[in-house]
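Colleague: Could you work out the structure for the sequence below:
(one chain, ligands or ions: 1)
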Amino acid sequence: MKRKSGFLTTLAAGTAAATIVAANAIADGVPYRDVADMLYRVMSADREVYTRMVVQRLTVDHPVITVSEHFQDDLALPLPSQMFRFGAETVADGTGDFSYSLLSLHPINKKNGPGTGLEKEGLEYVADHPGRNFYGEEELGGEDYFAAVYPDFAVAQACVMCHNNHPDSPRTDFQVGDVMGGIVVRIPMD
Ligand code: HEC
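Modeller: Reported below is the predicted structural model:
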């Protein structure tokens, strides 16, 4: 128990450190694309490590606990997408320098579908060109944004099993290694 909470604290500390580094990098004139790429590396590493070292290991390989979207009531582990969103919400509370989200063209939660033209184009691009990233700019509510869309891969069997079997999933043929969606990093330009 101790080890697990220490591990989750480390993940949270990683998010806070990445936020400070990114804010400084933008202030120092580092290109938006490079800042977004660095942020993505931290996010996807945290996401993969949580899925493999916690969810896959403790719910599939050695089933000692369950993982559930109702994790509070069920006393279960939060879903990888929930962990990701909690990180994004923590960042949004602390800074307006950038924001990020996890989206898909085949979302279980309809709120995770593309919300803008660029998000749709980027999700289609990363799905059609596995391993490539999408970069663009768009204006939303009178503000110009740089946005990057990165592929979100099925890095563990747990990703595929859960999505393919979920009653709300519009797609049921995901395989390990597939692009399941995209991470969108958005930076306001000034
Ligand atoms: C135990 C079940 C479970 C596991 C394991 C799981 N997911 Fe999900 N995933 C969900 C559910 C449920 C949602 C929607 C919940 C939400 O965000 O509100 C979701 C959301 C997502 C989304 C956003 C689009 C959508 O479907 O709503 C992506 C992309 C995604 N997951 C990819 C992955 C990847 C990649 C992995 C492995 C690294 C993974 N998931 C592991 C259940 C799971």
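
Colleague: Enumerate the residues of the chain near the ligand.
Modeller: Within the chain, the residues that sit near the ligand (Cβ under 6 Å from any ligand atom) are 51, 55, 67, 69, 79-81, 102, 104, 107-109, 112, 152, 154-156, 158-159, 162-163, 166, 180-181. For the C-beta atoms, the positions are set from N, CA and C on the backbone; glycine is no exception.

Colleague: List buried residues within those.
Modeller: Using 16 or more other Cβ atoms under 10 Å as the burial test, those include 51, 55, 67, 79-81, 102, 104, 107-108, 112, 152, 154-156, 158-159, 162-163, 180-181 as buried.

Colleague: Narrow the residues of the chain next to the ligand to those in strands?
Modeller: 102, 152, 180-181 (DSSP state E).

Colleague: Closest to the ligand out of the residues you listed?
Modeller: Gly181 (2.6 Å; Cβ to the nearest ligand atom).

Colleague: got the contact list for that closest one?
Modeller: By Cβ atoms under 8 Å, 6 or more residues apart in numbering, the contact list for Gly181 reads 102-107, 112, 123, 152.

Colleague: And for Ser44?
Modeller: 150, 152, 183.

Colleague: Tell me which two of the ones in strands among the residues of the chain next to the ligand sit farthest apart.
Modeller: Leu102 and Met180 (9.5 Å; Cβ to Cβ).

Colleague: what residues are shared contacts of the two?
Modeller: Asp152.

Colleague: how close does Asp28 sit to the ligand?
Modeller: Going from Asp28 to the ligand by Cβ to the nearest ligand atom, to the nearest Å gives 32 Å.

Colleague: Tell me, how many residues neighbour that residue?
Modeller: Asp28 has 8 neighbouring residues, counting by other Cβ atoms under 10 Å.

Colleague: What distance do you get for Met180 to Ala156?
Modeller: Met180 is 11 Å from Ala156, where distance means Cβ to Cβ, to the nearest Å.

Colleague: Please enumerate the helices of the protein.
Modeller: 2-27, 32-49, 71-74, 80-94, 117-128, 157-165 (DSSP state H).

Colleague: In the fourth one, which residues are buried?
Modeller: Same thing as helix 80-94. Residues 80-81, 83-85, 87-88, 91 are the ones in helix 80-94 that count as buried (16+ other Cβ under 10 Å).

Colleague: just the shortest one next, same as before
Modeller: Buried positions in helix 71-74, judged by neighbour count with 16+ other Cβ under 10 Å: Phe71.
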